[in-house]
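Participant: need a structure here:
(2 chains)
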Number of protein chains: 2
Amino acid sequence: MADPQAVEALKSALRRLPGVGPKSAQRMAFHLLRRDRDGARQIGEAIDRALSKINHCERCNNFSEAARCPICASAKRDASQLCIVETPADLQAIEQAGVYQGMYFVLMGHLSPLDDIGPSQLGIDRLLALTRADAIAEVIIATNLTVEGQATADFIIDLMQPTGIQVTRLARGMPMGGELEYMDSGTLNQAFSDRREV
Amino acid sequence: MADPQAVEALKSALRRLPGVGPKSAQRMAFHLLRRDRDGARQIGEAIDRALSKINHCERCNNFSEAARCPICASAKRDASQLCIVETPADLQAIEQAGVYQGMYFVLMGHLSPLDDIGPSQLGIDRLLALTRADAIAEVIIATNLTVEGQATADFIIDLMQPTGIQVTRLARGMPMGGELEYMDSGTLNQAFSDRREV
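Facilitator: Numbers count the residues shown, from 1 in each chain, chains lettered A, B, ... in the order given. Down below sits the predicted model:
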């Protein structure tokens, strides 16, 4: 005997969220219907609103309500630097660190042939157009240090070569607070080969 | 620099789902807006539909679109047995095991004074009315073997005493496939004290 049809439909809809399997969906549906109908309403409304309002910034490709996002529209940012990140969350981590005053380009993913995500899904043509149109002195690659992130970085580095623009990557090595005892060998390798004179 | 307001609103709405923290909400919002706008639409619609259609069965308190759920409305079930469970998921686990043909009462939770969940939130008065009105020969307590589930069971057992109805509990002991080596001492204690002659 399954749950009523509307509950089953809610559970299967919730399973479209990343990381949500049948048991979590069941728990979420129960919670929303039993304990937090206000919350459910809020989620429904927030989805409607986001779907109708959110598009991509015409310049950096990040989510934006306006044609240009606040960073791209700001006169205070250094337009000679362009930092390439995978997702809006990566961009925010950098902004929160407060270390960077330049512009961004958000790929909204990484190269992943198995998921049919190639250069055109990542807006690489727009990235190239941007580097041609704007007076960019340095492209900073800040993709993740995962296999896909590294492949994406390599692809972009190759593309940038003919433009003559300086291309840099974030330093790779031991994270702050990291203990050698618990560090993986890939990180240790990188930390050794990129060691710097003091 | 935060995400656009509609994205922030979506993230904070998604955090009302149980087990979803800021990072998961971020990942979910990104996924819905970037990769699965259809899925987002589906979730919104399923929520609307469930909120408007789903109520509680007037007899067993389970979620139901009709006044009586299919189990309570069925003539094939044994109305002399009443199994008390905490949640619709528990009911479904029993139904899937295919071991029980009686009726249910769904508490929709357990006693939890800290969360302001007392007997009236669990519909205990309706449970009592049910045991008085119907010809019930046996009440089977099938709450979870957690601290709260056991307290709820004890409370209901005390309530049932004056009615003279037979009250039983699911057997407690080693789970099928369980290995003694990995069993907690509470389970082993129970398995020893409830051991049966072969």
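Participant: surely A:Ser80 forms part of a strand?
Facilitator: Yes - under DSSP: H, G, I helix; E, B strand; the rest coil, A:Ser80 sits within a strand.
Participant: what about chain A, any weak spots by pLDDT?
Facilitator: A:1, A:197-198 (pLDDT under 70).
Participant: for the residue positioned nearest the centre of it, what are its contacts?
Facilitator: Nearest to the mean C-alpha position of chain A, by Cα atoms, centre = their mean, lies A:Thr87 at 0.9 Å. Listed by Cβ atoms under 8 Å, 6 or more residues apart in numbering or on different chains, the contact set of A:Thr87 reads A:Val106, A:Leu107, A:Met108, A:Gly109, B:Phe30. Bear in mind the C-beta positions are built from the backbone N, C-alpha and C, glycine included.
Participant: give me phi/psi at the first one?
Facilitator: In terms of degrees, to the nearest 10, the main-chain angles of A:Val106 are phi -100, psi 120.
Participant: and for it, the neighbour number?
Facilitator: A:Val106 sits with 24 neighbouring residues when counted by other Cβ atoms under 10 Å in any protein chain shown.
Participant: so what's it up against?
Facilitator: For A:Val106, the contact set (Cβ under 8 Å, 6+ apart) comprises A:Cys60, A:Asn61, A:Asn62, A:Val85, A:Glu86, A:Thr87, A:Pro88, A:Asp90, A:Leu91.
Participant: sec struct for the second one, please.
Facilitator: Which is A:Asn61. Going by three-state DSSP: A:Asn61 is coil.
Participant: tell me the bridge partners for the closest residue to it other than its chain neighbours.
Facilitator: Leaving aside its chain neighbours, A:Asn61 sits nearest to A:Val106 (4.7 Å; criterion: Cβ to Cβ, 6 or more residues apart in numbering or on different chains). Beta-bridge pairing for A:Val106 (DSSP bridges): A:Val85.
Participant: mind listing residues that contact the lengthiest helix in chain A?
Facilitator: Ranked by residue count and defined by DSSP state H, the top helix of chain A is helix A:37-53. The contact list for helix A:37-53, computed with Cβ under 8 Å, 6+ apart, reads A:31-33, A:65, B:4, B:6-7, B:9-10, B:12-14, B:16-17, B:29, B:32-33, B:37, B:40-41, B:43-44, B:47-48, B:50-51.
Participant: change it to 6 Å
Facilitator: Helix A:37-53 has contacts (Cβ atoms under 6 Å, 6 or more residues apart in numbering or on different chains) with A:Leu32, A:Glu65, B:Ala6, B:Ala9, B:Leu10, B:Ala13, B:Arg16, B:Ala40, B:Gly44, B:Ile47, B:Asp48, B:Leu51.
Participant: picking that back up, ok, now how distant is the residue nearest to the centre of chain A from A:Ile94?
Facilitator: 11 Å (Cβ to Cβ, to the nearest Å).
Participant: before we move on, what about A:Gln5?
Facilitator: Remark: distance between A:Gln5 and A:Ile94 (Cβ to Cβ) = 46 Å.
Participant: re earlier: and the contacts of A:Thr87, which is closest to A:Phe192?
Facilitator: When the contacts of A:Thr87 are compared for distance to A:Phe192 (Cβ to Cβ), A:Leu107 wins out at 29.7 Å.
Participant: contact partners for that closest one?
Facilitator: A:Glu86, A:Leu122.
Participant: can you give me the helices for chain A?
Facilitator: A:5-14, A:22-30, A:37-53, A:70-73, A:88-97, A:124-133, A:147-160, A:185-193.
Participant: other residues contacting the second one?
Facilitator: Applying Cβ under 6 Å, 6+ apart, the contact partners of helix A:22-30 are A:Val7, A:Leu10, A:Lys11, A:Leu14, A:Arg15, B:Leu17, B:Pro18, B:Ala89.
Participant: any idea of the angle the longest helix of chain A forms with helix B:5-14?
Facilitator: Going by axes from the mean of the first three to the mean of the last three Cα atoms, to 10 degrees, helix A:37-53 is angled at 150 degrees with respect to helix B:5-14.
Participant: in the contacts of A:Thr87, find the pair that's most separated.
Facilitator: That would be A:Leu107 and B:Phe30, which, of the contacts of A:Thr87, are the farthest apart (Cβ to Cβ) at 12.3 Å.
Participant: that older thread, quick one: the longest helix of chain A to helix A:22-30, angle?
Facilitator: Helix A:37-53 runs at 110 degrees relative to helix A:22-30, counting by the same axes, to 10 degrees.
Participant: return the set of buried residues in helix A:37-53.
Facilitator: A:39-51, A:53 (16 or more other Cβ atoms under 10 Å in any protein chain shown).
Participant: just to check, A:Ala153 is in contact with A:Ile141?
Facilitator: Yes - using Cβ atoms under 6 Å, A:Ala153 makes contact with A:Ile141 at a distance of 4.8 Å.
Participant: now do the residue nearest to A:Asn61 against chain B, distance only.
Facilitator: Going from A:Val106 to chain B by Cβ to the nearest Cβ, to the nearest Å gives 10 Å.
Participant: ok, back up a step: turn the contacts of helix A:22-30 into JSON lines, including distance to B:Ala171 and neighbour count.
Facilitator: Converted to JSON lines, the contacts of helix A:22-30 look like this (distance: Cβ to Cβ, whole Å; neighbours: other Cβ atoms under 10 Å in any protein chain shown):
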{"residue": "A:Val7", "distance to B:Ala171": "30", "neighbour count": "25"}
{"residue": "A:Leu10", "distance to B:Ala171": "34", "neighbour count": "31"}
{"residue": "A:Lys11", "distance to B:Ala171": "30", "neighbour count": "22"}
{"residue": "A:Leu14", "distance to B:Ala171": "34", "neighbour count": "24"}
{"residue": "A:Arg15", "distance to B:Ala171": "33", "neighbour count": "17"}
{"residue": "B:Leu17", "distance to B:Ala171": "35", "neighbour count": "24"}
{"residue": "B:Pro18", "distance to B:Ala171": "30", "neighbour count": "14"}
{"residue": "B:Ala89", "distance to B:Ala171": "20", "neighbour count": "15"}
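Participant: give me every residue in chain A lying close to chain B.
Facilitator: Residues of chain A lying close to chain B (Cβ under 6 Å from any Cβ of the partner chain) are A:1, A:3-4, A:6-7, A:9-10, A:13, A:16-18, A:26-28, A:31, A:33-34, A:36, A:39-40, A:42-44, A:46-51, A:53-54, A:63-65, A:71, A:88-89, A:95, A:108.
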